[in-house]
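In: Okay, predicted coordinates and the sequence, questions at the end:
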Amino acid sequence: MFAWVPTTDAVTSTVTKQSPLGRIVPPANDTEGAPATGENTGVPQPEIVAKYSANAPLAFVDQYIGNLRQYRAISMDVGDQDGLRFDAIKLHTMLDNYGIANSFEIYSGTHVSAVADRVQNHVLPFFSKNLCFTASCR
């Protein structure tokens, strides 16, 4: 899980914004809202894969270093059996190399291991400590 806490009023607009990327692989059995073009086949959609690739943190982190320096806190965790662990380690290393404070933890398990525990005992306390909606904390 990644938790990024901006220091400005961007929290409200960022949290409520919907992702424009879409699904990489539409489920073959999901016919509700399926496009008329027959794209709902379970086959990867190249245009969606390209959007995800362009918006992956490792692809854009260098160009947003100035913005990342404005964050109050950045925290990441990843499972030691998670397919994303190597990219998460690279992102943590990149932030460290730029001198951007961040916390990073590798926990035992996969991408979805103990999600309820991770949210309750790590993510929510992180936000409780770092989110602020008043002018005094900017």
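Out: Received the coordinates, thanks.
In: When you work out contacts or count neighbours from here on, use the C-alpha atoms and nothing else.
Out: Will do.
In: Per-residue confidence, V5, what does it come out as?
Out: Per-residue confidence (pLDDT) for V5: 54.
In: for this structure, what spans make up the helices?
Out: Counting by DSSP state H, the chain has helices at residues 10-16, 46-54, 57-60, 65-68, 85-97, 115-118, 124-130.
In: how far does the fifth one sit from the chain's center?
Out: Same thing as helix 85-97. Here the centre of helix 85-97 is set off from its chain's centre by 13 Å, with C-alpha atoms, centre = their mean, to the nearest Å.
In: Okay, buried residues for that helix please.
Out: By 16 or more other C-alpha atoms under 10 Å, the buried positions in helix 85-97 come out as R85, A88, I89, L91, H92, M94, L95.
In: want to throw these into CSV with distance to F133 and pLDDT?
Out: As requested, the buried residues of helix 85-97 are exported to CSV (distance: C-alpha to C-alpha, whole Å; pLDDT from 0 to 100):
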residue, distance to F133, pLDDT
R85, 32, 95
A88, 28, 95
I89, 30, 96
L91, 27, 96
H92, 27, 97
M94, 29, 96
L95, 25, 96
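In: other SSEs contacting the longest strand along the chain?
Out: The strand that spans the most residues within the chain, counting by DSSP state E, is strand 73-79. When contacts are defined as 3 or more C-alpha pairs under 8 Å, 6 or more residues apart in numbering; DSSP states H and E, strand 73-79 packs onto strand 2-5, helix 85-97, strand 103-107.
In: Many thanks, have a good one.
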